[in-house]
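K.L.:
My questions are about this predicted structure, shown below with the sequence.
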Amino acid sequence: MLYRNKLKNKALKLQSTLKKQNIRSFFDDNSFKNYSVKLTIFANNKSCGSILIYYKPTRNTYSIKKQIYNSEIDTAIDLAWDIVSHFKIYPTESNIYEAFVDGSYISGNTGYGAIIYLGNEIKAEISGTISNTQFRQFGGELKSIIETVKWCQDNNVKKIRINYDYQGIEKFITGEWKAKNDISKEYVNFILKTKIKIEWRHIKSHTGNSRNDKVDSLAQKAAMRRK
């Protein structure tokens with residue numbers, strides 16, 4: 001069975017983390033396929049659904065797909081996956097906000113989305129479309145940052161960490177990538193002028209991060225609304 005040991009180790013880590021939250025999970029030899037393993041989830045002696053853990057060898061990344069029938073358990077699994085993936089967010093008492101941003105291009109329409117958190121609490125969801133669709137998803141990605149910073153300015157937020165999966169978001173600002181068109185130049189000029197303190201963090205896409213998946217869906221819905 002391909003990648004069995006890697007999948008087993010990841011499943012055991014998730015199983016142990018869930019156990020600390022009184023959520024039991026079960027898998028056996030029949031749970032494995034070449035690139036995935038299935039965990040059956042129990043809480044309060046009742047079956048709550050299942051989780052598939054996938055391994056992508058070309059990127060050496062893991063992701064999950066859930067089919068859970070209890071919203072509280074679903075949220076607990078997301079938090080457990082963050083722990084297993086060594087993904088941490090700032091606690092509420094730090095007063096440092098977290099933004100998850102994305103852009104989407106669907107059938108000729110470009111949408112953007114941003115979700116802003118303080119700790120685990122969602123403070124704002126921002127989405128919309130842009131008229132200039134020449135650069136497709138790229139334009140939505142940059143617009144999501146601009147709208148996030150504007151929200152910070154309007155709400156007296158001093159510092160925010162922006163979590164992104166498109167690397168140009170940070171590399172345009174550092175100068176590693178040169179802004180060559182109007183949309184990227186506008187983005188760079190805006191960000192360099194802001195007094196908001198920004199911390200950047202790159203997240204690999206499609207790795208099961210629930211917040212990144214949520215904002216991806218938000219941006220897609222925005223793009224589809226314009227049809």
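P.N.:
Great, that's in hand.
K.L.:
the strands in the protein, which residues?
P.N.:
24-26, 36-43, 46-56, 61-68, 97-106, 109-118, 121-130, 159-164, 197-202 (DSSP state E).
K.L.:
Of these, give the one that comes closest to residue 3.
P.N.:
Residue 3 lies closest to strand 46-56 among the strands of the chain, at 5.1 Å (Cβ to Cβ). C-beta here means a position set from N, CA and C on the backbone, and glycine is covered the same way.
K.L.:
Which stretch among the strands of the chain approaches residue 8 most closely?
P.N.:
strand 36-43 (6.9 Å).
K.L.:
Buried residues, the closest one. List them.
P.N.:
36, 37, 38, 39, 41, 42, 43 (16 or more other Cβ atoms under 10 Å).
K.L.:
Could you dump the strands of the chain into a markdown table and include distance to residue 147?
P.N.:
Output for the strands of the chain, formatted as a markdown table (distance: least, Cβ to Cβ, whole Å):
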| stretch | distance to residue 147 |
| --- | --- |
| strand 24-26 | 39 |
| strand 36-43 | 37 |
| strand 46-56 | 31 |
| strand 61-68 | 27 |
| strand 97-106 | 9 |
| strand 109-118 | 6 |
| strand 121-130 | 5 |
| strand 159-164 | 12 |
| strand 197-202 | 14 |
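K.L.:
Where do the domain boundaries of this protein fall?
P.N.:
Per the record, the chain has its domains at 4-84, 92-225, by automatic domain parsing.
K.L.:
what's the most buried one of these?
P.N.:
domain 92-225 (a mean of 18; mean count of other Cβ atoms under 10 Å).
K.L.:
can you give me how far that one is from the chain middle?
P.N.:
Distance of domain 92-225 from the chain centroid (Cα atoms, centre = their mean, to the nearest Å) equals 11 Å.
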